[in-house]
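S.K.: return atomic coordinates for the entry below.
(one chain, ligands or ions: 2)
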Amino acid sequence: MIRAIVTDIEGTTSDIRFVHDVLFPYARERLAAFISTQQFAEPVKSALDTLRAEIAQPEASAEELTQTLFAFMDEDRKSTALKALQGLIWRDGYVNGDFTGHLYPDVLPTLEKWKSQGIDLYVYSSGSVAAQKLLFGYSDEGDITHLFSGYFDTHVGAKREVQSYQNIAEQIGQSAGQILFLSDIHQELDAAGQAGFRTVQLIRGDGDTASHHHQVSRFDDIHPEQIPS
Ligand SMILES: CSCCC(=O)C(=O)COP(=O)(O)O
Ligand SMILES: [Mg+2]
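M.R.: Ligands and ions are numbered 1, 2, ... in the order given. Coordinates of the predicted model:
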């Protein structure tokens, strides 16, 4: 019996194009000025220290770190520091109404149904927890954060590592076999599966023939009650 569902965001609840064509450029355009003006103020100061630790350069200047962040954005590196800074910059965009968090239309009704069935809902994304709360707090369908019992980001580990899912199961307090993980990326599902999670792959665009996970194109095609333990 599935007691908890953990969902990815990009490519799963939300269009990858919203993340890559709206969120990422918004942060990129503002990053240099943001760091220049905020580098001595929290929480930016701590994020820059995190980045110095990530690259093992404790003396790196704000200008050097900015160049590192541009390189990380070019390669879509899931750096905890980059994700924290992007989330801080995106906050202005959501609050000012520049954009709302994209949700596929099948997501909200299905999350509400699962919640009403007593299934606890969680989010796991490389985007920071703060960024996740913004996307769902300022979503196309309004604030839906009340549906979620918790959020996980790279602080529990990378999404393709088995240990990350073991950490999530421990924090949720459910056995791995009673947790369903939803993602569009089969390598993430592989790691979750190796940790004992049940898995379903969302195929929102191109198919994935290299995957062995059960595949659906919409949330309402997922039936947790039919997933055997
Ligand atoms: C909170 S929405 C932005 C997600 C993000 O920044 C990102 O890099 C998505 O990466 P993921 O590994 O979760 O697909
Ligand atoms: Mg994804």
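S.K.: mind listing what's buried in the helix or strand harbouring Asp92?
M.R.: Using DSSP states H and E, Asp92 maps to helix 80-95. Residues of helix 80-95 classed as buried by neighbour count (16 or more other CB atoms under 10 Å): 80-90, 93-94. (Glycine included, C-beta is placed from N, CA and C.)
S.K.: check stretch 152-172 too.
M.R.: Within stretch 152-172, the residues that qualify as buried by neighbour count (16+ other CB under 10 Å) are 152-154, 156-157, 159, 162, 164-169, 172.
S.K.: that one vs ligand 1: in contact?
M.R.: Yes - applying CB under 6 Å from any ligand atom, one finds stretch 152-172 touching ligand 1 at Lys159.
S.K.: residue contacts, the residue sitting nearest the centre point of the chain?
M.R.: Centrality entry for the chain: nearest residue to the mean C-alpha point is Ser125, 1.8 Å, by CA atoms, centre = their mean. With CB atoms under 8 Å, 6 or more residues apart in numbering as the criterion, the residues that contact Ser125 are 8-10, 131-132, 152-153.
S.K.: go on, Arg3?
M.R.: Taking CB under 8 Å, 6+ apart as the definition, contacts of Arg3 comprise 118-120, 174, 178-179.
S.K.: now these: which count as buried?
M.R.: When neighbours are counted using 16+ other CB under 10 Å, the contacts of Arg3 contain these buried positions: 119-120, 174, 178-179.
S.K.: including pLDDT and distance to Ser217, could those go into JSON lines?
M.R.: Written out in JSON lines, the entries for the buried ones among the contacts of Arg3 read as follows (pLDDT from 0 to 100; distance: CB to CB, whole Å):
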{"residue": "Ile119", "pLDDT": "98", "distance to Ser217": "21"}
{"residue": "Asp120", "pLDDT": "98", "distance to Ser217": "25"}
{"residue": "Gln174", "pLDDT": "97", "distance to Ser217": "27"}
{"residue": "Gln178", "pLDDT": "97", "distance to Ser217": "25"}
{"residue": "Ile179", "pLDDT": "98", "distance to Ser217": "22"}
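S.K.: would you map the helices across the chain?
M.R.: Along the chain, counting by DSSP state H, helices occupy 16-18, 24-38, 44-54, 62-74, 80-95, 107-116, 129-137, 162-172, 186-194.
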